[in-house]
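Engineer: Next comes the sequence, and after it the predicted model I'd like to discuss.
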Amino acid sequence: MKHLRFLNKYFYKYKWWIVPGVFFVIISNIFGVIPAQVIGHAFNLITENIQVYNLFSGFERQSIIYDIFSYSLFYFGALVLFLYLIRGLFLFFMRQTLILMSRHIEFDMKNEIYAHYQKLSLGFYRRNNTGDLMNRATEDVNRVRMYVGPAIMYALNTAVQCLLIITSMYMVNAELATFCLLPLPVLVVTIYFVNTQINKKSEQIQEQLSRLSSFVQERFSGIRVIKSYVRENHTKAIFAQESEGYKQNSMSLVRVQAFFYPTMLLLVGLSTILTVYIGGKQVINGSITAGNIAEFIVYVNQLTFPVTMLGWVTTLIQRAAASQKRINEFLELHPDIVSGKVDPAHFDGSIRFNEVSFTYPDTGIKALEKVSFEIEKGQFVAVIGRTGSGKSTLANLIMRMYDVDSGEILLNGQNLKNLQLGPYRNQVGFVPQEVFLFSDTIKNNIAFGLDQVTDEEVENAAKSAAVYHNIVDFDLKFETMLGERGITLSGGQKQRVSIARALIKEPKILIFDDCLSAVDTKTEEEILRNLGRIMKGKTSILIAHRISTIKNADKIIVMDKGKIIEQGTHESLLDLNGAYREMYQHQLLEEENKSL
C-alpha cells in the first residue's frame, strides 16, 4: 500500500467528492437492509392470517378478511418497491460521486505523467522503449483508476453493508446468525484464491496479447521486406504459434472461472440450507417467527455480492499497487537537462566549444574528446567525417539534448547551461538525421514549430526546401494527410518537408544533421542556394558526408574518432594534403566510376 500513498494528494483534492460519496453509501445500504425486515413482517402476516381466514370458511366475513389481507400484502409490496427505488437513487448518487471522482483522478494522472515525460531528457527515451512508456500512461493508470473508483466504492459498500446486515441478524437471533455466517469465511477465502489465479492468468493473457500485438505491428510496418523476401508463410506460422499460446492461456482462464461460479453458488446455497434448518427448529421452539427465516434468507443473499466483491477488490488493490509502483518509478526521475535562468533574447548566433568531452551515458561510448572550435555570427560551418566520428553528437550538444561531461559550450560568451531552455531552442532550427513526420497534413507538419502561421509562410518554406512542386501535384496539395511516420512521401520528400519545418521558424541557428542524403544533386544545390539567401547574417551548421555539399562553407570541420583533426576552408584543407584531401579524392573517384 505504500506505493498508493502517492494518490493521497488526489484524495485531498477531491475530498468534497469523497465525503458525499461515503454518505450516499451509508444511506443506500440502510435502504437496502430495511426491505428484508419488511419482507419478514409480510411473511408473518401471511402465516398468521391464513389460519384466521380458514376459521371463517363458509361465512361472508371471509371475503372481507381476504380483502384486508390482500390490501396489506399490496401495501408491503409497494413499500418494498419504494424502498428499493430510494436505494437505487442513492446508489446512482454514490456512483456519480465516487466513480466520477476516479475519472477526474485518471485525467489528472495522465496529464501529470505526460507532462513529466516531456521534461525528461533524450537519454531517458533511449533507455526505455516506447511501448513501456505508453503502457504506464494508459494501462497502469487505468488500473489505478479501478482502485480509486470501483475498489474504494465497493470496499466501502461491502464494509457498511456487512456491518448493517450482521448487526440486524444478531439483533434478531444470535445463534441463527452465527450458523448463517459459517460458510461465508470459507467463501471469502475461496474467492480470494480463485481471484488470485484469475488475476495471474489474466496477466499472462495480457502479456501474450501484448507480444502478439507487437509482432503484428512490426510485421505490418515491415510488410515490404516480408514480401520482398517471400516470407509470408514464415510469418504466418510464427503468428499461429503466438496465437496458440494466447488461446491456451485463455482456455486456462475459462476453466478457473468455470470452477469459481458453481463453488460460490454451492456455499451460498449451504448458508441458505443452514438458515432454513436451524431457523425451522427455532420456529418450532417458538424462539423466532417464520418471517424471521424469510428475513435471514434475504440477508444471506444480500451478503453474497459484497463478500464476492472482497476477492475482486483485493485483486484490484494488488494490481493498482503494482501499477502505481511502475508509475512512481518514472515520476521520481529527475530530468538530466535543467533549464537555466538567463534569457537568450540577445543571442546573435556565435558558438564556442571549449575543451568539450562527452560520453553517452546509456552506452558508455565516448563520442567527443576535448573538442574546441568557434563559430562566428552569420558563418556557414560544415562538419564532415566518417560514420561514428561524433558529428551528430555536436548537433545534439548544441541543441542541449545532452549536457557535456567536461568543458563548456558558450553562446555569446554565456554558458549554454545558464540559458532558458525553451526560448533558446525556439531560436534554433534543427533538421535531424532520422526524419520524423507526424500523421497529419503536410501543412501542419511544416508549421509544427509555430503556434500561428499563414498559408503564404508555409508555401514559402516549402519553396525554400524545394518541395513545393511535389506538394502541389497531390490532389489535396498542402492538406494531404501523411501516413504513419510520413510513409505517403518518398525519402527525399520527407527530408525536404522536414527542412521546410525548420526554415519556417527563421531561426538564428540552423542545424542540418546529414539531412540531404536522399536528395539529388540538383535539388541539393537549389536548397543550399535558398539557404544562403534565408540564413544571410545567421549561423548555419551543416553536417554532411558529401564534400560537394559543403565546399562553399566558410569553415569546414573534419572529425575522426571524436576529435577535430582538421579545420579551415575547402581550399586550405586541400592544401594541407591530409584526411580531407583523401576523402575529396576518394569521392571524386567514386563519381567518375558512376559516370562510366
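Structural biologist: Sure, I can see it. Please read all numbers here as calculations on a predicted model, not as lab measurements. Residues are numbered from 1 along each chain as shown.
Engineer: could you pull out the helices for the stretch 451-596 of the chain?
Structural biologist: Counting by DSSP state H, counting those that start in this stretch, the segments of the stretch 451-596 of the chain that form helices are 455-464, 468-472, 491-503, 521-534, 547-550, 570-576, 579-595.
Engineer: mean confidence for the last one?
Structural biologist: What helix 579-595 shows for mean pLDDT is 74.
Engineer: roughly how far is stretch 90-100 from the heart of the chain?
Structural biologist: How far stretch 90-100 lies from its chain's middle: 26 Å, per CA atoms, centre = their mean, to the nearest Å.
Engineer: Could you give me the buried positions within it?
Structural biologist: By neighbour count on 16 or more other CB atoms under 10 Å, the buried set for stretch 90-100 is 90-91, 93-95, 97-99. The way it works is simple: take the backbone N, C-alpha and C, and place the C-beta from them, glycine included.
Engineer: Same check on stretch 75-82?
Structural biologist: For stretch 75-82, a neighbour-count test (16+ other CB under 10 Å) marks 76, 79-80 as buried.
Engineer: Using CSV, write out the CA atom coordinates for it.
Structural biologist: As requested, the backbone C-alpha atoms of stretch 75-82 are provided in CSV (Å, rounded to 0.1, in the frame of the first residue of the first chain):
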residue,chain,number,x,y,z
TYR,A,75,-49.0,-2.2,0.9
PHE,A,76,-46.0,-4.3,1.9
GLY,A,77,-45.1,-4.9,-1.7
ALA,A,78,-45.4,-1.3,-2.6
LEU,A,79,-43.3,-0.3,0.4
VAL,A,80,-40.5,-2.8,-0.6
LEU,A,81,-40.6,-1.4,-4.1
PHE,A,82,-40.4,2.2,-2.9
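Engineer: any residues touching that stretch, and which ones?
Structural biologist: Among residues not part of stretch 75-82, those counted as contacts by CB atoms under 8 Å, 6 or more residues apart in numbering are 35, 38-39, 41-42, 45.
Engineer: again with stretch 546-557
Structural biologist: Stretch 546-557 is contacted from outside by 373, 375, 379-384, 516, 521, 524, 528, 542, 544, 564, 566-570, 573, 580, 583-584, 587, using CB under 8 Å, 6+ apart.
Engineer: which regions of the chain sit below the pLDDT cut-off?
Structural biologist: By pLDDT under 70, the weakly predicted segments of the chain are 1, 51-62, 129-131, 206, 210, 221, 483-487, 516-519, 590-596.
Engineer: What segments of it are strands?
Structural biologist: For the chain, the strands identified by DSSP state E occupy 351-359, 366-375, 380-385, 406-411, 414-415, 428-431, 509-513, 539-544, 555-560, 563-568, in order along the chain.
Engineer: Using CSV, lay out those strands together with distance to residue 270.
Structural biologist: As requested, the strands of the chain are arranged in CSV below (distance: least, CB to CB, whole Å):
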stretch, distance to residue 270
strand 351-359, 69
strand 366-375, 72
strand 380-385, 81
strand 406-411, 75
strand 414-415, 77
strand 428-431, 72
strand 509-513, 73
strand 539-544, 78
strand 555-560, 81
strand 563-568, 82
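Engineer: Can you say which of these is nearest to residue 494?
Structural biologist: When the strands of the chain are compared by CB to CB, strand 428-431 sits nearest residue 494, at 10.9 Å.
Engineer: Can you name every helix or strand that that closest one contacts?
Structural biologist: Taking 3 or more CB pairs under 8 Å, 6 or more residues apart in numbering; DSSP states H and E as the contact definition, the neighbouring helices and strands of strand 428-431 are helix 491-503, strand 509-513.
Engineer: would a markdown table of the ones you listed with mean neighbour count be doable?
Structural biologist: A markdown table is the format used below for the helices and strands packed on strand 428-431 (neighbours: other CB atoms under 10 Å):
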| stretch | mean neighbour count |
| --- | --- |
| helix 491-503 | 24 |
| strand 509-513 | 24 |
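Engineer: possible to save these as TSV with distance to residue 463?
Structural biologist: As requested, these are arranged in TSV below (distance: least, CB to CB, whole Å):
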stretch	distance to residue 463
helix 491-503	9
strand 509-513	16
